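Participant: sequence? don't have it. structure:
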């Protein structure tokens, strides 16, 4: 008769990947903030690079109210 090692984890029920996936998605939603809108990202980029744009383009963007 041979001796085998016993591990308590052998008695534990197996986790289903479905439950882990649901919890993972739930925690991801809770920890992540709202996703930024594309319009906000474009406005922030234009605001950061306002001096790199030609004056005519800057005037047109202000006229169309794309720049705050």
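Facilitator: Received the coordinates, thanks. Nothing here was measured: the structure is a model prediction, and the numbers come from that model. Numbering: from 1, shown residues only.
Participant: mind listing the helices for the protein?
Facilitator: Applying DSSP state H to the chain gives helices spanning 17-31, 38-48, 55-63.
Participant: distance check, residue 45 against residue 61.
Facilitator: According to C-beta to C-beta, to the nearest Å, residue 45 and residue 61 sit 12 Å apart. The way it works is simple: take the backbone N, C-alpha and C, and place the C-beta from them, glycine included.
Participant: the two: who's more crowded?
Facilitator: More neighbours surround residue 61 than the other of residue 45 and residue 61, with 15 against 10 (other C-beta atoms under 10 Å).
Participant: show me the shaky parts of this structure.
Facilitator: Applying pLDDT under 70 to the chain flags the ranges 1-20, 66-68.
Participant: let's see 80
Facilitator: Applying pLDDT under 80 to the chain flags residues 1-20, 28-30, 32-36, 61, 64-68.
Participant: correct me if wrong: residue 53 contacts residue 47.
Facilitator: No - using C-beta atoms under 8 Å, residue 53 is not in contact with residue 47, being 10.7 Å away.
Participant: mind checking which of those two has more residues around it?
Facilitator: Ranked by neighbour count (other C-beta under 10 Å), residue 53 and residue 47 place residue 53 first, with 14 against 10.
Participant: what are the phi and psi values at that one?
Facilitator: phi -90, psi 150 (degrees, to the nearest 10).
Participant: check the burial of residue 50 by counting its neighbours.
Facilitator: Count around residue 50 with other C-beta under 10 Å applied: 12.
Participant: compute the number of surrounding residues for the residue nearest to it when sequence neighbours are not counted.
Facilitator: Nearest residue to residue 50 in three dimensions, chain neighbours excluded: residue 58, at 6.5 Å (C-beta to C-beta, 6 or more residues apart in numbering). By other C-beta under 10 Å, the residues close to residue 58 number 15.
Participant: cool, residue 52 as well?
Facilitator: 9.
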